[in-house]
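**Student:** Take this sequence and fold it.
(one chain, ligands or ions: 3)
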Amino acid sequence: MIVGLPKEIKTDEYRVAMIPSGAEELTRAGHTVLVQEGAGVGSGIADTEYAEVGATIVPTAADVFAKADLVVKVKEPLEPEWALLRSGQMLFTYMHFAADEKLTKNTLATGCTALAYETLRGRAGDLPLLTPMSEVAGRMSIQQGAKYLERPQEGRGILLGGVPGVPPAHILILGGGVVGKNAARIAAGFQADVVIADVNMERLRYLDDIMPPNVNTVFSDRHNIREELKLADLVIGAVLIPGARAPRLVTREDLKLMKPGAVMIDVAIDQGGCMETSHATTHSHPTYKVDGIVHYCVANMPGAVGRTSTYALCNVTFPYVLDLANLGLMGACAKAPGLVEAVNMHAGKVTNRAVAETFGLPYTVFQAK
Ligand SMILES: NC(=O)C1=CN([C@@H]2O[C@H](COP(=O)(O)OP(=O)(O)OC[C@H]3O[C@@H](n4cnc5c(N)ncnc54)[C@H](O)[C@@H]3O)[C@@H](O)[C@H]2O)C=CC1
Ligand SMILES: CC(=O)C(=O)O
Ligand SMILES: [Mg+2]
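**Tutor:** Ligands and ions are numbered 1, 2, ... in the order given. I've put the predicted structure just below:
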């Protein structure tokens, strides 16, 4: 099979979807690997490192897409890439279709098989290809929150951990999954006062067991969220309903409850965001203010720490890339049934129920045989 690795084109995206050890394994298994010139540079990987293990370096994305049976990427295909995708081709990347109707319809029109990292299921029902980036984004959310709470960044001028005689920041984390847990751990280390809200009681019990005393839990309902917003210096949006648009938990009206200069980091922005006033931003221009509240809504947070994130991502994606190359789509799905969940589109049909329902498109069951 021909496996293609284009350079990412999203603003401030420094990750790449395959590291040289992956290219080495694929070529050893008899596959051809096409790497776009400069694809790894943002993560500190030179073209020569791919070439040395047998990959072919090609000058443009068009060269990669034209020949590859399987294109491996990090972020969703952007407009210049839509024209390069074709029927019968597999695209394996983060898609986040429910957040973007134009992306959904244009990708569907290409007829490609769209395999989304974020909906692939592990044997335990987990989302193993989302997990490492959620670990990165969760940890990073507190780092960014600390920065934007500083007064020169238009925040409230609050130090997360406080100092003797002055209380620490109060942090509300909406969603206690992978992002939420990682955010809470880092925030706890800063000695902030942390509350995690979730609707899953089993998850809240688990978090209550493992977290230090400065992390508490609360059931996520309208009343509790509004009470917490009054206290919060920093809010982290970390909810997820896999495949679907994020539920809106904070309305514009709710912002009036908050302290001026409080910061909201909406990590769930890649699925459309869990605050009504959120819209996607970039690392170059990460924040904006609505009603005195600082909003940070970068949809590719891990892209800024490309070196860490690339290795963390490729550790988990590569086994599936190798299976897709060795066994083809149907063979790889037979080997790992959770891969079927990743198939969001196939042959011009939407094969993910949540994506279809979000945009009122017909839903077709993907037949993995
Ligand atoms: N902006 C970025 O760069 C990145 C964004 N993300 C996104 O962060 C979001 C969270 O991801 P994960 O933590 O991995 O998901 P997860 O599935 O591990 O956790 C989500 C949690 O949200 C909870 N939840 C659902 N509805 C809720 C509600 N109404 N109130 C409170 N909690 C609710 C679930 O019970 C679950 O515990 C996803 O949208 C993911 O794509 C992840 C990595 C990077
Ligand atoms: C998950 C996601 O959106 C990212 O890593 O960029
Ligand atoms: Mg407390």
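**Student:** For Asp266, grab phi and psi.
**Tutor:** Torsion angles at Asp266 (phi, psi; degrees, to the nearest 10) stand at phi -90, psi 90.
**Student:** Please apply the same query to Thr287.
**Tutor:** With angles defined as degrees, to the nearest 10, Thr287 sits at phi -130, psi 160.
**Student:** Over to Cys297?
**Tutor:** Reported as degrees, to the nearest 10, the phi and psi values for Cys297 are phi -140, psi 60.
**Student:** and the gap between it and ligand 2?
**Tutor:** In this structure, Cys297 and ligand 2 are 12 Å apart, going by C-beta to the nearest ligand atom, to the nearest Å. In short, each C-beta sits where N, CA and C put it, glycine included.
**Student:** Find the nearest non-adjacent residue to that residue, please.
**Tutor:** Ile269 (4.3 Å; C-beta to C-beta, 6 or more residues apart in numbering).
**Student:** Over to Pro80?
**Tutor:** Pro80's closest residue in space is Ile9 (C-beta to C-beta, 6+ apart), at 6.6 Å.
**Student:** Next to ligand 3, which bits of the protein? Give me the list.
**Tutor:** Where the chain comes near ligand 3, counting by C-beta under 5 Å from the ion, the residues are 193, 216.
**Student:** Do a quick rundown of the helices in the chain.
**Tutor:** For the chain, helices defined by DSSP state H occupy the ranges 20-28, 47-51, 61-67, 79-82, 101-110, 131-148, 178-189, 201-210, 222-231, 306-335, 353-359.
**Student:** Of all these, which one comes closest to ligand 2?
**Tutor:** Nearest to ligand 2 among these is helix 131-148 (3.4 Å), distances taken as C-beta to the nearest ligand atom.
**Student:** Now the closest one - C-alpha only, PDB.
**Tutor:** The C-alpha trace of helix 131-148 is given here as PDB (Å, rounded to 0.1, in the frame of the first residue of the first chain):
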ATOM      1  CA  THR A 131      -6.600  10.200  25.100                       C
ATOM      2  CA  PRO A 132      -3.000  11.400  24.700                       C
ATOM      3  CA  MET A 133      -4.000  14.700  23.100                       C
ATOM      4  CA  SER A 134      -6.600  15.200  25.900                       C
ATOM      5  CA  GLU A 135      -3.800  14.500  28.400                       C
ATOM      6  CA  VAL A 136      -1.700  17.200  26.700                       C
ATOM      7  CA  ALA A 137      -4.600  19.700  26.400                       C
ATOM      8  CA  GLY A 138      -5.800  19.100  30.000                       C
ATOM      9  CA  ARG A 139      -2.400  19.800  31.400                       C
ATOM     10  CA  MET A 140      -1.900  22.700  29.100                       C
ATOM     11  CA  SER A 141      -5.200  24.200  30.000                       C
ATOM     12  CA  ILE A 142      -4.000  25.100  33.500                       C
ATOM     13  CA  GLN A 143      -0.700  26.500  32.100                       C
ATOM     14  CA  GLN A 144      -2.700  28.700  29.800                       C
ATOM     15  CA  GLY A 145      -5.200  29.600  32.400                       C
ATOM     16  CA  ALA A 146      -2.400  30.700  34.800                       C
ATOM     17  CA  LYS A 147      -1.000  32.900  32.100                       C
ATOM     18  CA  TYR A 148      -4.300  34.600  31.000                       C
END
